[in-house]
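K.L.:
whatever this is, show me its structure:
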Amino acid sequence: MTNSKKEWVLRAFRGEEVNKVPVGFWYHFLPEEELGQGLDNPELFKKNLQGHQQFIKEVEPDFIKLMSDGFFTYPNELIHKGLTSVQELANISSIGEDHPWFDQQVELVKAIKKSFTEDIVAIYNIFAPVTYLKWQLSGQVAHGDDIIAQFLQEDAQTLKKVLNVIAGDIAILTKKVIAEAGIEGIYLSVQSIQDSRVNSEDYSNYIAPSDLAIIEAAHQVRGLTVLHICGYEGASNDIKLFKDYPAQVFNWAVGPEGISLAQGRKLFNGKTVLGGFVNTENGILYKGSKEEIQEEVKKLLQESGPLATVIGADCTIPSDIATERIAWVKEAVIS
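P.N.:
Sure thing, here's the model as predicted:
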């Protein structure tokens with residue numbers, strides 16, 4: 001039915017019939033404190049590259065999400081911790097298409113791809129523009145939602161302008177990693193703003209356009225998009241916000257959001273869905289027996305069916321997980 005591992009996975013991503021369901025898990029190769037410190041840092045570049053090389057060797061993945069570890073900080077000098085008004089960003093401009101932040105990520109992707117032992121689908125980790133913004137404003141990963149809510153209440157149109165400028169730069173990054181590094185697409189991480197002052201209408205009007213600009217950029221260079229609706233550290237999402245995003249594959253926190261793979265596929269208009277396993281140290285994947293893990297795979301496939309399904313996790317899994325656990329999932333899919 002398929003001539004290669006890459007074509008098999010691409011068929012699954014397109015929702016076409018395949019002879020087995022692909023499996024995809026990933027984890028970080030740098031600690032949280034180093035996730036934004038990779039620019040002009042050869043040591044962290046090497047550390048991330050070696051992490052990917054070891055992962056590929058040990059896991060032999062069906063496809064791979066390339067981790068942007070080290071490059072979580074969008075290097076726009078106008079954005080920094082301590083800003084108290086969105087008006088301080090009113091004159092924001094692009095960092096310029098020749099900025100080393102772009103080129104070093106392209107170099108990273110090329111170096112990882114060069115180490116592939118077989119031709120597989122590769123997608124690069126990209127964050128929504130509002131995510132880069134809030135993390136830089138707060139100075140911490142997974143923080144800053146309160147600042148976005150404050151800025152939105154202060155001047156929503158200026159915030160929208162700021163996000164569109166950032167989106168222009170993230171679009172440059174997206175196009176470069178796909179076209180210049182020769183990978184298949186991106187894994188775009190989005191998230192509802194974790195602050196009750198921001199409702200779904202606010203997100204749709206002022207934030208979503210910057211998300212959609214990234215997907216459009218991928219499409220312009222014939223790249224695909226896996227949309228990750230991030231439930232990291234208990235974040236809660238209005239999944240319906242993203243139901244009409246023109247991505248090819250959708251991933252969300254199945255259990256915490258209370259939306260199964262089958263329910264999600266229906267919500268996302270029949271598109272391919274990815275996930276099923278809890279990603280934390282409390283989940284079956286991390287601490288369950290082989291029998292429990294494989295039984296969970298069986299349950300997921302019985303519930304979702306093999307068509308337009310990819311087995312994975314809610315989000316990034318713990319980096320100290322035994323790789324044999326991923327092998328158990330792949331074994332269960334085959335059986």
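K.L.:
burial count for the nearest residue to Gly185 once chain neighbours are set aside?
P.N.:
Spatial nearest neighbour of Gly185, excluding adjacent residues (Cβ to Cβ, 6 or more residues apart in numbering): Leu224 at 3.6 Å. (C-beta placed from N, C-alpha, C; glycine too.) Leu224 has 21 neighbouring residues, counting by other Cβ atoms under 10 Å.
K.L.:
list the residues that contact Leu224.
P.N.:
The contact partners of Leu224, by Cβ atoms under 8 Å, 6 or more residues apart in numbering, come to 13, 123, 184-186, 218, 247-249.
K.L.:
check the gap between it and Asp62 for me.
P.N.:
Leu224 sits 15 Å away from Asp62, going by Cβ to Cβ, to the nearest Å.
K.L.:
repeat that for Asn125.
P.N.:
From Asn125 to Asp62 the distance is 17 Å (Cβ to Cβ).
K.L.:
just Ile126 next, same as before
P.N.:
Going from Ile126 to Asp62 by Cβ to Cβ gives 21 Å.
K.L.:
okay, the two: which has more neighbours?
P.N.:
Set Ile126 next to Asp62 and count neighbours by other Cβ under 10 Å: Ile126 wins out with 27 against 23.
K.L.:
and the nearest residue to Pro75 once chain neighbours are set aside, helix, strand or coil?
P.N.:
Residue nearest to Pro75 in three dimensions, not counting chain neighbours: Trp101, with 5.1 Å by Cβ to Cβ, 6+ apart. Three-state assignment for Trp101 (DSSP: H, G, I helix; E, B strand; the rest coil): helix.
K.L.:
is it true that Trp101 touches Ser68?
P.N.:
No: Trp101 is beyond contact range of Ser68, at 10.5 Å (criterion: Cβ atoms under 8 Å).
K.L.:
neighbour count winner among the two?
P.N.:
Ser68 (23 against 19).
K.L.:
residues near Asn279, how many?
P.N.:
The local packing of Asn279 (other Cβ under 10 Å) involves 24 other residues.
K.L.:
how close does it get to Ile126?
P.N.:
For Asn279, the distance to Ile126 - Cβ to Cβ - is 19 Å.
K.L.:
in a strand, Leu241, correct?
P.N.:
No: residue state for Leu241 (three-state DSSP) corresponds to helix; a strand is not indicated.
K.L.:
Gln105 sits in which helix or strand?
P.N.:
Here Gln105, judged by DSSP states H and E, is contained in helix 100-114.
K.L.:
tell me what that helix is packed against?
P.N.:
Secondary-structure packing of helix 100-114 (3 or more Cβ pairs under 8 Å, 6 or more residues apart in numbering; DSSP states H and E): helix 42-59, strand 63-66, strand 121-127, helix 156-179.
K.L.:
how far off helix 100-114 does the longest one point, in degrees?
P.N.:
Just to be clear, that refers to helix 156-179. Angle between the axes of helix 156-179 and helix 100-114 is 40 degrees (criterion: axes from the mean of the first three to the mean of the last three Cα atoms, to 10 degrees).
K.L.:
do a quick rundown of the strands in this protein.
P.N.:
Using DSSP state E, the strands found in the chain span residues 63-66, 121-127, 185-190, 224-229, 249-252, 272-277, 309-313.
K.L.:
so what are the sheet partners of the third one and their directions?
P.N.:
Just to be clear, that refers to strand 185-190. Note on strand 185-190: by DSSP bridges, its sheet partners are strand 121-127 (parallel), strand 224-229 (parallel).
K.L.:
buried set for it?
P.N.:
Neighbour-count burial for strand 185-190 flags 185-190 (criterion: 16 or more other Cβ atoms under 10 Å).
K.L.:
who's in contact with the spatially closest residue to Gln104 that is not a sequence neighbour?
P.N.:
Closest residue in space to Gln104, ignoring its immediate chain neighbours: Leu39 at 6.5 Å, by Cβ to Cβ, 6+ apart. Listed by Cβ under 8 Å, 6+ apart, the contact set of Leu39 reads 70-71, 73, 75, 100-101, 104.
K.L.:
can you put those residues in TSV and add pLDDT?
P.N.:
Putting the contacts of Leu39 into TSV (pLDDT from 0 to 100) gives the following:
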residue	pLDDT
Gly70	98
Phe71	98
Thr73	97
Pro75	98
Pro100	98
Trp101	98
Gln104	98
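K.L.:
which among those residues gets closest to Leu133?
P.N.:
Among these, Thr73 lies closest to Leu133 (Cβ to Cβ), at 11.0 Å.
K.L.:
test my guess that that closest one contacts Trp135.
P.N.:
Yes: using Cβ under 8 Å, Thr73 is in contact with Trp135, at 7.3 Å.
K.L.:
for those two, work out which one has more neighbours and name it.
P.N.:
Ranked by neighbour count (other Cβ under 10 Å), Thr73 and Trp135 place Trp135 first, with 22 against 18.
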